[in-house]
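**Student:** Predicted model follows, preceded by the sequence.
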Amino acid sequence: MSSRSSFLVCDVFGILCSSVLSFAAYAQSDWPGFRGPTGQGTSDAGGLQVSWSASDNVAWKTALPGPGASSPIVWGDHIYLTCYTGFFVPGDSSGSMDKLQRHLIAIRPDDGEILWNQAVPARLPEEKRIRDHGFAANTPVADAERVYVFFGKSGVLTFNHEGKQLWQADVGEKTNGWGTAASPILYKDLVIVNACVESESLIALDRGTGQVKWRAGGIRESWNTPLVVTAQSGRQELVVAIAGKILAFDPDSGKPLWSCNTDIKWYMVPSIVAAEGVVYCLGGRSGVASLAVRTGGNGDVTATHRLWTSEKGSNVSSPVIQDGYLYWVHESRGIAFCAKAAIGEIVYEQRLPDAGQFYASAFLADKRLYYLTREGKMFVLSAKPQFEQLAVNELNDGSIFNGSPAVVGNRLLLRSDKYLFCIGK
């Protein structure tokens, strides 16, 4: 996945090809968590579709049990997705809070069939209303043994790939009218969760048992998913943006490493991206809206490691970075940006025609940028420092697209509040 919404994919093989071969192709290109294997929205997949519509180049379309703003993930021969039912479902006035459930569903990549659906009753009371993003905005993450989901005050839960629940861990009791949206990440034997809403904490849990291994406090106004980056020294650093600062921790112990003032005076939603020991952060509605910070410091590094700031940014959608350039789209103005990562200089600033809103994060594959609007319109641009629009694709079936794209083989997965679409021949 990811205003605070973020808190908020393979050519069809011919009939002569076997399912074993197709599943082998999926296993080679897992998309295990929010924004993929690197957590930065980039894929090395080739052959993704450039053009499609509701009636063309849609391999399959699966109706979902309920709405949600989370993004799909892929592990082996399963696509995983979360949704919710029972309460605050758009168009359904019959729900009540006591019926609220979150669901983890497993879907077959070949044809979109739902293989299993595990429902988890909500721990109450919940918020009476969560903006328009709903109660399932956190994207799962998977490894070879388990799938890990974060359901806000209902906790972090783990399932095996057959759908059996293994453990559940509490990470806090608080709720927020904007909802919860940061997605869990995996590091070594840990599941790390930004529980800003629930307990103003970063919490690391043991993958096998759910036991708390460490906890770091002071995580406020932060709806972004943490990222583990490598400093030039080789040190691993867990970075997350909060109101007014970027914080870095030792991912093994939770020990604070450094902090940097952002001069961004808003809550923080877009997730950080990194390259060559530098982290890049977007956020805010006005004033400073992006910055770059060199990793590897200690203590307050604002004066020594902050490389640049800019008033160009995004309040919701996360960027991508490639070959020294940052690319992103503004969530409400419909403007696509390209900036030189080294100095923050804007290379182009181009308004996209009739764009609407963007909550989904940028996606980059095969030297192309994919920007998805909430109405299901996908702008495809060339990933180079000259603006070139390759296609505009519309699904426009009346559903709302808040989740970010994922990839399975050489097909795109796009999730709305009603359907999961598989884009391919």
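**Tutor:** Right, received. Where do you want to start?
**Student:** where along the stretch 301-425 of the chain do the strands fall?
**Tutor:** All strands of the stretch 301-425 of the chain, identified by DSSP state E, counting those that start in this stretch, fall at 306-310, 320-322, 325-329, 335-340, 346-351, 363-365, 368-372, 377-382, 389-394, 406-408, 411-415, 419-423.
**Student:** Quick check: the gap between T209 and T158.
**Tutor:** Distance of T209 to T158, given as Cβ to Cβ, to the nearest Å: 9 Å. The way it works is simple: take the backbone N, C-alpha and C, and place the C-beta from them, glycine included.
**Student:** K418 now?
**Tutor:** Plainly put, K418 is 27 Å away from T158 if you go by Cβ to Cβ.
**Student:** now L190, nearest residue through space, not along the chain?
**Tutor:** Distances taken as Cβ to Cβ, 6 or more residues apart in numbering place A204 nearest to L190, at 4.5 Å, with adjacent residues excluded.
**Student:** Helix or strand: which one has the one you found?
**Tutor:** Using DSSP states H and E, A204 maps to strand 201-206.
**Student:** quick one, phi psi at K99?
**Tutor:** Per-residue torsions, K99: phi -100, psi 0 (degrees, to the nearest 10).
**Student:** before we move on, what about S154?
**Tutor:** phi -80, psi -10.
**Student:** Please verify my assumption that it contacts L124.
**Tutor:** No: under the criterion of Cβ atoms under 8 Å, S154 makes no contact with L124, lying 9.2 Å away.
**Student:** Mind checking which of these two has more residues around it?
**Tutor:** Neighbours were counted for S154 and for L124 using other Cβ atoms under 10 Å; S154 has more, 23 against 11.
**Student:** Tell me how far the more buried one lies from V293.
**Tutor:** As judged by Cβ to Cβ, S154 and V293 stand 34 Å apart.
**Student:** again, but for T82
**Tutor:** Applying Cβ to Cβ to T82 and V293 gives a distance of 32 Å.
**Student:** With V228 instead?
**Tutor:** V228 is 15 Å from V293, by Cβ to Cβ.
**Student:** Among those two, which residue is more densely surrounded?
**Tutor:** V293 (29 against 18).
**Student:** do you know how far that one is from N261?
**Tutor:** V293 sits at a distance of 10 Å from N261 (criterion: Cβ to Cβ).
**Student:** Need the residues touching each of those two.
**Tutor:** Taking Cβ atoms under 8 Å, 6 or more residues apart in numbering as the contact rule, V293 and N261 both touch R306.
**Student:** Might you report the residue contacts of the residue lying closest to H161 once chain neighbours are set aside?
**Tutor:** Leaving aside its sequence neighbours, H161 sits nearest to H78 (Cβ to Cβ, 6+ apart; 6.2 Å). Neighbour list for H78: A106, I107, R108, P109, L115, H161 [criterion: Cβ under 8 Å, 6+ apart].
**Student:** residues near the last one, how many?
**Tutor:** The reference is to H161. Neighbours of H161 (other Cβ under 10 Å): 19.
**Student:** ditto for the third one
**Tutor:** Neighbours of R108 under the rule other Cβ under 10 Å: 17.
**Student:** Report how many residues lie close to the nearest residue to it once chain neighbours are set aside.
**Tutor:** Leaving aside its sequence neighbours, R108 sits nearest to L115 (Cβ to Cβ, 6+ apart; 5.6 Å). If you count neighbours by other Cβ under 10 Å, L115 ends up with 14.
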